[in-house]
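S.K.: Prediction below, plus the sequence it came from.
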Amino acid sequence: MNTELLQSLHYIEKEKNVSREILLEALRLALLSACKKTFPDKENLDVQIDIETGDIRLLDNGELITNAEFGRIAAQTAKQVIIQKIREAEREAIYNDYSSKIHDIVNGTVHRIDQRVIIVDLGKTEGILPMREQSHKEHFRQGDPIKVYVLEVNKSSRGPEILLSRSHPNLVKKLFEIEVPEISENIVQIKGAAREAGARTKIAVTSSDDKIDCVGSCVGMRGQRVKNIVRELQGEKIDIVRFSEDAETYVRNALSPAQLAEVHLNKEHRTANIFVQDDQLSLAIGKKGQNVRLASKLTGWKLEVRSLSQKIPLSDLEGVGAKTEEILRAAGITTLKDILKSTAEDLAKIKGIGPKTAEKIIDSAHKILLKEGKTLPLIPELEIQTPIEEFQSMESEEPGQAQEEPQAVETPAEELKPKKPRRKAKKAAAEETVKEVDQTEDFGKEESKE
């Protein structure tokens with residue numbers, strides 16, 4: 001019997017991943033509970049189990065009790081205690097196992113999908129992949145293998161709850177660590193990652209060895225390494241950029257493949273005003289602002305991208321000379337937008353700028369803004385009559401002469417559309433048509449009389 005007991009303990013230890021000491025303690029407590037049911041008169045009962053041989057001894061005040069037989073209720077109580085203790089030990093072992101895997105990748109299988117929440121079978125337990133941690137472009141079916149990122153492991157009455165993710169930026173970083181040996185060997189380091197799950201990810205890498213190209217290592221031969229990661233993420237695009245300690249270089253790399261013309265950094269507020277050529281503006285901003293948004297997350301700088309045609313130098317403002325421009329730039333004011341964000345009191349606080357100069361600069365900025373807002377870009381210069389002039393010209397025409405409809409000029413300015421004169425011209429044309437019809441009918445009647 002002792003041999004069978006030890007074999008059973010060894011099987012449970014291997015199958016449930018529970019240590020033998022915990023199992024023996026659970027067995028001892030179960031037998032002690034059964035003894036108290038069998039011998040209710042004895043108070044100082046104790047059970048001892050030999051770890052090596054599996055021998056069990058029942059003691060009462062230190063004296064050995066022999067021929068102890070347990071009843072049915074006592075045996076059932078012992079069984080319940082053993083099952084409960086083993087279950088608690090198993091849950092604790094699972095919790096400790098997956099607590100060490102937080103912020104790491106684990107493999108699993110899609111067990112079931114319940115209202116967009118995916119239950120993942122991890123082998124010994126199950127994990128939860130909520131809808132908010134899923135990529136909107138990924139689709140899984142029951143039985144599909146899946147790699148997930150462990151976010152949290154929490155204790156509950158039903159056992160450990162494991163929260164998983166497929167949208168976390170660290171998932172991409174861990175996939176690169178698995179796929180690129182140079183990263184696992186700490187030769188190439190991932191300095192940052194910014195991700196919009198299902199659409200695009202940007203990662204910044206650097207190398208501690210000058211002989212090893214960090215970007216080429218992540219891309220792999222013929223792009224095979226990065227292709228494997230893209231396939232795992234079901235087609236998500238990945239941009240690999242080179243990290244730099246120089247902030248301007250880092251910003252330029254992060255906004256690639258766009259070519260930047262000028263980069264003005266404000267290190268105090270960690271903002272960057274970027275100017276590009278007109279043909280590079282859409283490329284720098286990206287689809288729905290995605291490229292500049294990810295670059296801003298990756299670098300930690302607030303990026304504002306404009307075209308060079310939108311750039312208005314500070315020297316164009318009234319009251320801003322070369323010296324004043326240097327003072328403003330030193331204070332972090334480099335664009336017209338920075339001027340408009342400030343008040344005259346804010347500018348007057350800058351050393352070297354008085355209250356009158358500050359008011360003059362603010363007024364000049366607003367005037368330029370209004371002037372720029374009234375211009376009609378990309379429209380050729382045309383001789384356009386105002387509505388009043390066109391109306392006067394139509395009034396001056398002879399009454400018997402047909403009026404031509406005014407030509408519509410394509411312009412976005414609503415105030416330039418000659419609405420009333422156009423209606424008057426249409427009315428005149430209609431009256432002229434009626435006159436011509438009447439003349440035709442009169443001519444037909446005269447012919448019929450003849």
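M.R.: Looks like it came in fine. Numbering: from 1, shown residues only.
S.K.: Tell me how many other residues surround residue 56.
M.R.: If you count neighbours by other C-beta atoms under 10 Å, residue 56 ends up with 16. Using the backbone N, CA and C atoms, a C-beta is placed for each residue, glycine as well.
S.K.: Touching, it and residue 47? I think so.
M.R.: Yes. Using C-beta atoms under 8 Å, residue 56 is in contact with residue 47, at 6.7 Å.
S.K.: shared neighbours, the two?
M.R.: Counting by C-beta atoms under 8 Å, 6 or more residues apart in numbering, the contacts common to residue 56 and residue 47 are residue 31.
S.K.: Which helix or strand in this structure has the lowest average pLDDT?
M.R.: The least trusted helix or strand in the chain, going by mean pLDDT, DSSP states H and E, turns out to be helix 387-395, with a mean of 40.
S.K.: now the spatially most central residue of the chain: how far from residue 103?
M.R.: Geometric centre of the chain, nearest residue: residue 196, 3.7 Å, by C-alpha atoms, centre = their mean. Distance of residue 196 to residue 103, computed by C-beta to C-beta, to the nearest Å: 20 Å.
S.K.: what's the domain layout of the protein?
M.R.: 2-98, 101-167, 244-311, 314-374, 387-445 (automatic domain parsing).
S.K.: low-confidence ranges in this protein?
M.R.: Applying pLDDT under 70 to the chain flags the ranges 1-2, 5, 54, 66-75, 309-310, 369, 371-450.
S.K.: Test my guess that residue 355 contacts residue 343.
M.R.: No. Judged on C-beta under 8 Å, residue 355 makes no contact with residue 343 at a distance of 11.2 Å.
S.K.: if we can go back for a sec, would you mind giving the domains of the chain as TSV with distance to residue 182 added?
M.R.: As requested, those are exported to TSV (distance: least, C-beta to C-beta, whole Å):
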stretch	distance to residue 182
domain 2-98	29
domain 101-167	18
domain 244-311	19
domain 314-374	40
domain 387-445	55
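S.K.: in which helix or strand would I find residue 353?
M.R.: Assigned by DSSP states H and E, residue 353 belongs to neither a helix nor a strand.
S.K.: number of nearby residues for it?
M.R.: 21.
S.K.: The nearest residue to it once chain neighbours are set aside: which element?
M.R.: Leaving aside its chain neighbours, residue 353 sits nearest to residue 347 (5.5 Å; criterion: C-beta to C-beta, 6 or more residues apart in numbering). Per DSSP H and E: residue 347 is located in helix 344-348.
S.K.: List the buried residues of that helix.
M.R.: The neighbour-count check on helix 344-348 (16 or more other C-beta atoms under 10 Å) flags 344, 347 as buried.
S.K.: distance between that helix and the chain's centre?
M.R.: Put simply, helix 344-348 sits 38 Å off its chain's centre (C-alpha atoms, centre = their mean, to the nearest Å).
S.K.: Do a quick rundown of the helices in the stretch 201-350 of the chain.
M.R.: 214-219, 224-232, 247-254, 281-285, 290-299, 322-330, 336-341, 344-348 (DSSP state H, counting those that start in this stretch).
S.K.: Any idea which of the ones you listed gets closest to residue 96?
M.R.: helix 224-232 (28.4 Å; C-beta to C-beta).
S.K.: Show me what the closest one is packed against.
M.R.: helix 169-179, helix 214-219, strand 237-242 (3 or more C-beta pairs under 8 Å, 6 or more residues apart in numbering; DSSP states H and E).
S.K.: So for residue 364, which of these sits nearest?
M.R.: Comparing the helices and strands packed on helix 224-232 under C-beta to C-beta, the one sitting nearest is strand 237-242, at 39.8 Å.
S.K.: For that closest one, enumerate the helices and strands it packs against.
M.R.: Using 3+ C-beta pairs under 8 Å, 6+ apart, strand 237-242 sits against strand 200-207, helix 214-219, helix 224-232, helix 247-254.
S.K.: Could you identify which of these is most buried?
M.R.: strand 200-207 (a mean of 21; mean count of other C-beta atoms under 10 Å).
S.K.: Return the set of buried residues in stretch 162-180.
M.R.: By 16+ other C-beta under 10 Å, the buried positions in stretch 162-180 come out as 162-177, 179-180.
S.K.: what distance separates the start and the end of that stretch?
M.R.: In terms of C-alpha to C-alpha, to the nearest Å, the two terminal residues of stretch 162-180 are separated by 27 Å.
S.K.: which residues of the stretch 1-150 of the chain fall in strands?
M.R.: Under the criterion DSSP state E, counting those that start in this stretch, the stretch 1-150 of the chain carries strands at the ranges 45-49, 56-60, 63-65, 105-114, 117-121, 126-129, 145-154.
S.K.: who's in contact with the closest residue to residue 91 other than its chain neighbours?
M.R.: Leaving aside its sequence neighbours, residue 91 sits nearest to residue 159 (C-beta to C-beta, 6+ apart; 4.7 Å). Listed by C-beta under 8 Å, 6+ apart, the contact set of residue 159 reads 91, 94, 125.
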